[in-house]
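Participant: Next comes the sequence, and after it the predicted model I'd like to discuss.
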Amino acid sequence: MLIDIHTHTYPTSDDSTLTPEELITRAKLIGLDGVCLTDHDGFWNPSEVEKLGKDNDFLVIPGCEVTTEEGHLLVYGLSEYIFGMHKSAFVKDLVDEAGGAIVVAHPYRRVYRETAPQDKISYSEMINRGLRNEVFGMVDGIEIRNGRGTEKENEFSGNLAKELKMPGTGASDAHKLSDIGTYATEFYDKVTGLDDFIVSIKSGTYDARKLDVHPV
């Protein structure tokens with residue numbers, strides 16, 4: 001199953017121009033099997049997500065991209081923002097209590113710079129700087145293919161995942177219609193809803209996939 005596990009829609013994410021209906025319509029058209037709504041620090045009402053899925057006959061999974069001091073976390077299984085979630089350890093405790101899952105979003109940010117020297121020593125220093133982030137010990141997966149990242153940025157994320165021996169996800173990080181169809185995550189177990197999705201994320205039975213889709 002191909003699912004885009006990292007997307008943003010307006011107005012919950014105010015930097016997105018994409019409506020949930022546009023997202024779903026485009027996702028179905030290009031052959032995805034589902035999408036996750038992961039708006040910035042904003043949680044959807046579960047009943048609204050369920051209605052979106054039923055109205056469109058499509059798998060729609062609720063999530064959230066939570067901004068923490070240690071990086072951005074794709075969180076699945078929580079239903080509301082609670083003061084203190086700017087700390088990743090606090091988010092981890094909440095997710096564990098809820099039986100949810102966490103994926104680190106675009107881990108190249110704040111660590112990798114394409115304008116920096118790319119020789120072996122300099123690159124290794126950036127990798128090691130990234131590995132020192134304690135957030136990697138709190139998550140179930142790492143986003144290694146992000147549709148808004150460059151090829152080199154995504155390669156860096158992939159190298160972090162290899163060093164950590166952690167599974168990697170793919171997603172569009174869509175904020176507009178043309179973003180959809182870059183990357184997705186291929187799940188090897190059937191996913192019918194949030195519970196299945198969390199089990200699959202925690203089990204690591206998936207891979208990041210590049211999609212061969214013509215732009216809008």
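Facilitator: Here it is on my side, so go on. Residues are numbered from 1 along each chain as shown.

Participant: For the chain, just list every one of the strands.
Facilitator: Taking DSSP state E as the criterion, the chain carries its strands at 2-7, 34-37, 59-62, 64-68, 71-76, 101-104, 141-146, 168-171, 183-187, 206-210.

Participant: got the CA positions of the first one in CSV?
Facilitator: Spelled out, that is strand 2-7. Extracted in CSV, the C-alpha atoms of strand 2-7 (Å, rounded to 0.1, in the frame of the first residue of the first chain):
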residue,chain,number,x,y,z
LEU,A,2,1.3,3.5,-0.9
ILE,A,3,0.5,6.1,1.6
ASP,A,4,1.6,9.8,1.7
ILE,A,5,2.2,10.1,5.5
HIS,A,6,3.1,13.8,5.6
THR,A,7,0.8,16.4,4.1
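
Participant: what's that strand packed up against?
Facilitator: Packed against strand 2-7 by the contact rule (3 or more C-beta pairs under 8 Å, 6 or more residues apart in numbering; DSSP states H and E) you find strand 34-37, strand 59-62, strand 168-171, strand 183-187. The C-beta positions use only the backbone N, C-alpha and C, and glycine is treated the same way.

Participant: how far away is residue 10 from residue 42?
Facilitator: Separation of residue 10 from residue 42 (C-beta to C-beta, to the nearest Å): 11 Å.

Participant: what is in contact with the two at once?
Facilitator: Common contact partners of residue 10 and residue 42 (C-beta atoms under 8 Å, 6 or more residues apart in numbering): none.

Participant: Reformat the helices and strands packed on strand 2-7 as TSV; add mean neighbour count and mean pLDDT.
Facilitator: Listed next are the helices and strands packed on strand 2-7 as TSV, based on neighbours: other C-beta atoms under 10 Å; pLDDT from 0 to 100:
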stretch	mean neighbour count	mean pLDDT
strand 34-37	26	98
strand 59-62	24	98
strand 168-171	27	98
strand 183-187	25	98
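
Participant: quick one, helices of the chain?
Facilitator: 20-29, 46-56, 88-98, 120-131, 151-164, 194-203 (DSSP state H).

Participant: Nearest approach to residue 212 belongs to which of those?
Facilitator: helix 20-29 (13.9 Å; C-beta to C-beta).

Participant: Dump the C-alpha coordinates for that closest one into CSV.
Facilitator: The C-alpha trace of helix 20-29 is given here as CSV (Å, rounded to 0.1, in the frame of the first residue of the first chain):
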residue,chain,number,x,y,z
PRO,A,20,-8.3,18.4,2.1
GLU,A,21,-10.6,17.6,-0.8
GLU,A,22,-8.0,18.7,-3.4
LEU,A,23,-5.4,16.5,-1.6
ILE,A,24,-7.6,13.4,-1.6
THR,A,25,-8.7,13.9,-5.2
ARG,A,26,-5.2,14.2,-6.5
ALA,A,27,-4.0,11.3,-4.3
LYS,A,28,-6.6,9.0,-5.7
LEU,A,29,-5.8,10.2,-9.3
